[in-house]
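Visitor: Could you look at this predicted model? Sequence included:
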Amino acid sequence: MFKLFERNVLSVEEFSSAQTSIKVKNLHVSLNNNKVLNNISIRIPKNKITALIGQSGCGKTTLLNSFNRMNEFILSHEVSGEVWIDGRNIYDKRERVSFLRSQIGMVFQRPNPFPMSIYDNVSFGLKIQGIKNRRKLDESVEKALKKSALWDEVRDRLFDSALTLSGGQQQRLMIARALALEPKILLLDEPTSALDPLTTLYIEELMVELKKYCTIIIVTHNMQQAARVSDYAAFIHRGELVEYSDSDSIFTMPNKQQTEDYITGRYG
Ligand SMILES: Nc1ncnc2c1ncn2[C@@H]1O[C@H](COP(=O)(O)OP(=O)(O)OP(=O)(O)O)[C@@H](O)[C@H]1O
């Protein structure tokens, strides 16, 4: 497997509090009485890309959704343990969930633009936050579209429907929509699985660029992709964290046999 970018990484035991974006302690999650995550503890570093890997159904998306309390949309859910972000345990009763979610961007497998213009898609969250000043909105839309490498392609058609964009452009629009709120954390749930290989590479390059602005956590089934873009990778099996390490180590000399079996395609 080849590396797309040079990495300069600490080992996962070495992150200081200042270098940690998310600290998870003894997290257990059950959905509809189904025990999905079992005693997960992990520190996700700031301004790096961390990949969550593991076979289908192991709990990757559930872990991702634990970082912005998205699992709570499932009627019957139970969460115990702690998830610390910015010095707050986000499962504390006092946490304002809408504020938390506004600080964490999320992009899903399939682009889901609203049936409105490109401009309105990107400015949507800002307007919800009460920003009405046109110049401020214009500036934020331009900045987000530049960060998501879409500006040059859409600057002359901002008021066209977002649905007129290609799949890859729509996915970059989803990234722009998330970035408009200047999130500290960006959660990507299989963001390229519906895209062709070239567009995928383009989005991977974009992710690497974006870690300047935020911490990125990506769920991916694509081991080449995880090896190419991520700085760290966490291998999950049946709801347990089996191995967590810098990506160079995990993809070249994993510590656990289970990890090796998975990344070499022996199962999953
Ligand atoms: N709403 C739900 N109710 C009950 N069980 C659920 C619910 N959502 C997910 N699960 C179960 O939780 C487990 C983990 O699901 P999750 O989507 O987190 O896995 P995943 O690793 O992201 O899978 P995939 O790679 O296929 O997307 C699976 O066994 C799944 O069936």
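Guide: Great, that's in hand. Numbers count the residues shown, from 1 in each chain.
Visitor: quick one, phi psi at His237?
Guide: phi -140, psi 120 (degrees, to the nearest 10).
Visitor: Contact partners for Asp231?
Guide: By CB atoms under 8 Å, 6 or more residues apart in numbering, Asp231 lies in contact with Arg7, Val9, Pro45, Lys48, Ile49, Thr50, Lys211, Asp246, Ser247. Yep, even glycine has a C-beta here, placed from its N, CA and C like the rest.
Visitor: ok, now how distant is it from Asp189?
Guide: 19 Å (CB to CB, to the nearest Å).
Visitor: Now rank the contacts of Asp231 by neighbours and give me the top one.
Guide: Ile49 (26 neighbours; other CB atoms under 10 Å).
Visitor: pretty sure that one contacts Val229?
Guide: Yes. Assessed by CB atoms under 8 Å, Ile49 is found in contact with Val229 at 5.5 Å.
Visitor: which residues do those two both contact?
Guide: Common neighbours of Ile49 and Val229 (CB under 8 Å, 6+ apart) are Met207, Val208, Ile218.
Visitor: and the spatially most central residue of the chain, what are its bridge partners?
Guide: Nearest to the geometric centre of the chain sits Leu187, at 1.9 Å (CA atoms, centre = their mean). Taking DSSP bridges as the rule, Leu187 bridges to Met106, Ile217.
Visitor: Surely it is in contact with Phe108?
Guide: No. At 9.3 Å, Leu187 does not count as touching Phe108 under the criterion of CB under 8 Å.
Visitor: Could you pull out the strands in the stretch 151-268 of the chain for me?
Guide: With strands called from DSSP state E, counting those that start in this stretch, the stretch 151-268 of the chain shows them at 185-189, 215-219, 232-237, 240-246.
Visitor: likewise the stretch 1-150 of the chain?
Guide: Under DSSP E, counting those that start in this stretch, the stretch 1-150 of the chain gives strands at 20-31, 34-45, 49-53, 77-85, 88-89, 104-107.
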